[in-house]
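Novice: Sequence plus the predicted model coming up.
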Protein chains: 2
Amino acid sequence: MFETRLRQAADATDTALDRLLSGETRPAEIARPPRLLDAMRYAALGPGKRIRPFLVIETARLFGHAGDAVVTVAAALECIHAYSLVHDDLPAMDDDDMRRGRPTVHIRYDEATAILAGDALLTLAFDAVAGIDAPAETRVALVMALAQAAGIGGMAGGQALDLDASEAPEIAAVETMQAMKTGALILFGVRAGALLGNAPAGPGARLDTFGRRLGLAFQIADDLIDATGNAAIAGKATAKDAERGKRTLVGLLGVAAARARLAATVEEAIAALDIFGAEADVLRDAARFIAAREA
Amino acid sequence: MFETRLRQAADATDTALDRLLSGETRPAEIARPPRLLDAMRYAALGPGKRIRPFLVIETARLFGHAGDAVVTVAAALECIHAYSLVHDDLPAMDDDDMRRGRPTVHIRYDEATAILAGDALLTLAFDAVAGIDAPAETRVALVMALAQAAGIGGMAGGQALDLDASEAPEIAAVETMQAMKTGALILFGVRAGALLGNAPAGPGARLDTFGRRLGLAFQIADDLIDATGNAAIAGKATAKDAERGKRTLVGLLGVAAARARLAATVEEAIAALDIFGAEADVLRDAARFIAAREA
């Protein structure tokens, strides 16, 4: 069931991304320069699992909520994720030439276009979320939550900490950095679904815990793929963290202990969902999938 | 009066920027990495006239509206403007070392920090606008207007067109590019003030015309400063447009005809305000100031 639902979420997200990028919903705009738009489409609509949109869609579904508004927020979250990859891959940042088995945006286009495509995807996400068919209070809450997840107190700040190798590599500091860099956007996915579904406070708090543990599990799994993975399966260069001196839990704990911590974190994520019944099985499976993935 | 009001708007904006950047309004955030925050402050709080915030504040005041919400939107607009300068100055874009008489962000810090500081300022703007004390419908309308002004159909798209020198330099194409690159954000300033002030449709339409003509005037004046100006007064390198083969109205029309068009555009801007009384004098003066400035 999980894989079917993941594929359905990805298809719905890609349809929404295609529509958002087409500009059909914004007829008053002067123009969308074709080359920049191409680069944005290349970044947002390339291969990918669409895990973050899946979390929005499946968390909202827990509360019986589905439809265009949910899928648009899912697509907006994917825009933020895509922008972050485009900018992280730039020569001045991680300097990656390949991503998901294809040339990165600055290689396929050029560096200026990559910077602008990232900027425009980030901006488009807020336009999309603010424009959904939902009560204005919900839209405002989603915009604020997304901005805080993506900004200096979240993803962008986490990337800055990751680039700053001056701090001593301590486990707590690495976990903080990763909670910001990767965790904040995954947590937003779960929170957005809860917001859209009008989740009561109790289940909302459980989902917050689920989202936090899931984000940490995701990052440990990602670091394990880098440390031990196959570049052909991963679709990008591996073994780059060690080469760059990046601080990861795998580097601090070793592979075996990191695997054990990953398994424990997945169990904690699943335990947070124990107030839900079988309707949350797809989220439980998502946690297991994230730990087991190879790419 | 105009200069006093401009200085008052700048002071209020800088106070709001300082508060937004401090993080005191977002206590739930995990952390704000100090070096990234420094770079954001350097970019947003450096010398500058704060013309765009002034437009928000003075347009809202036309309708008797003032206070924290107005100033916060003004500060958010300045965040967007500051981010655009940081990214435009990058080596892959305009490759400028100096801005407002100081080293640009990627020179003062480093390129990765400049990319992230721009990203985080852009993101912070949406957090700030969505968080103002105003009806949720107003906040949503402001977020959408800001995103559309800043995104692929506005400023980011205009910058992409400006970097693409492949098109023939025709006046209409240059005006479209400039309406997106510079005009959209200036128009947003005026529109935001009208939205915050609950402007009726008639005055709102006049202000839209004012904002459009003002944006065009601003860009012609900017191009004239580049073509004929003094680098010491301008605080940045001049004569760079011609050197880079950039398409400007000054390049297409010559200096004398560009000056005449600037004067006519300012008159059109002022004429759009003829339904207002003396309370709009400060906006009329702003149009004259924009045409006469040397930096």
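Specialist: Happy to help now that I have it.
Novice: Can you tell me how far A:Ala150 is from chain B?
Specialist: Distance, A:Ala150 to chain B, using C-beta to the nearest C-beta, to the nearest Å: 5 Å. Just so you know, the C-beta spots here come from the backbone N, C-alpha and C atoms, and that holds for glycine as well.
Novice: Surely that residue touches B:Thr123?
Specialist: Yes. If you go by C-beta atoms under 8 Å, A:Ala150 and B:Thr123 touch, sitting 5.1 Å apart.
Novice: shared neighbours, these two?
Specialist: Each of A:Leu122, A:Ala156 lies in contact with both A:Ala150 and B:Thr123 under the rule C-beta atoms under 8 Å, 6 or more residues apart in numbering or on different chains.
Novice: In contact with A:Gly189, which residues?
Specialist: A:Ile51, A:Arg52, A:Pro53, A:Phe54, A:Leu55, A:Val56, A:Thr59, A:Ala74, A:Leu77, A:Gly211 are the contacts of A:Gly189 under C-beta under 8 Å, 6+ apart.
Novice: List the contacts of the last one.
Specialist: By C-beta under 8 Å, 6+ apart, the contact list for A:Gly211 reads A:Leu55, A:Gly183, A:Ile186, A:Leu187, A:Phe188, A:Gly189, A:Val190, A:Arg191.
Novice: And it, what's its pLDDT?
Specialist: Looking at A:Gly211, its pLDDT stands at 98.
Novice: how far does the helix or strand where it lies sit from the chain's center?
Specialist: Secondary structure from DSSP states H and E places A:Gly211 in helix A:201-228. Counting by C-alpha atoms, centre = their mean, to the nearest Å, helix A:201-228 is centred 11 Å from the centre of its parent chain.
Novice: thinking again about what came up before, which of the contacts of A:Gly189 tops the neighbour count?
Specialist: A:Val56 (32 neighbours; other C-beta atoms under 10 Å in any protein chain shown).
Novice: Tell me which stretches of chain A form strands.
Specialist: A:98-99, A:102-103 (DSSP state E).
Novice: Out of those, indicate the one that is most buried.
Specialist: When the strands of chain A are scored by mean count of other C-beta atoms under 10 Å in any protein chain shown, the highest mean neighbour count falls to strand A:98-99 (a mean of 19).
Novice: Can you list the strands that that one pairs with?
Specialist: strand A:102-103 (antiparallel) (DSSP bridges).
Novice: Give me the mean pLDDT for the strand it pairs with.
Specialist: On average, strand A:102-103 scores 98.
Novice: Distance from the chain centre to that strand, please.
Specialist: On C-alpha atoms, centre = their mean, the centre of strand A:102-103 falls 19 Å from that of its chain.
Novice: near chain B, which residues of the stretch 151-295 of chain A show up?
Specialist: The interface of the stretch 151-295 of chain A toward chain B, taken as C-beta under 8 Å from any C-beta of the partner chain, is made up of A:151-154, A:156-157, A:159-161, A:163-164, A:176, A:179-180, A:184.
Novice: Which single one of those is nearest to chain B?
Specialist: A:Gly153 (2.9 Å; C-beta to the nearest C-beta).
Novice: Just confirm that closest one contacts A:Ala179, I think it does.
Specialist: No. With contacts counted by C-beta under 8 Å, A:Gly153 stays clear of A:Ala179, the gap being 10.7 Å.
Novice: Nothing else from me, thank you.
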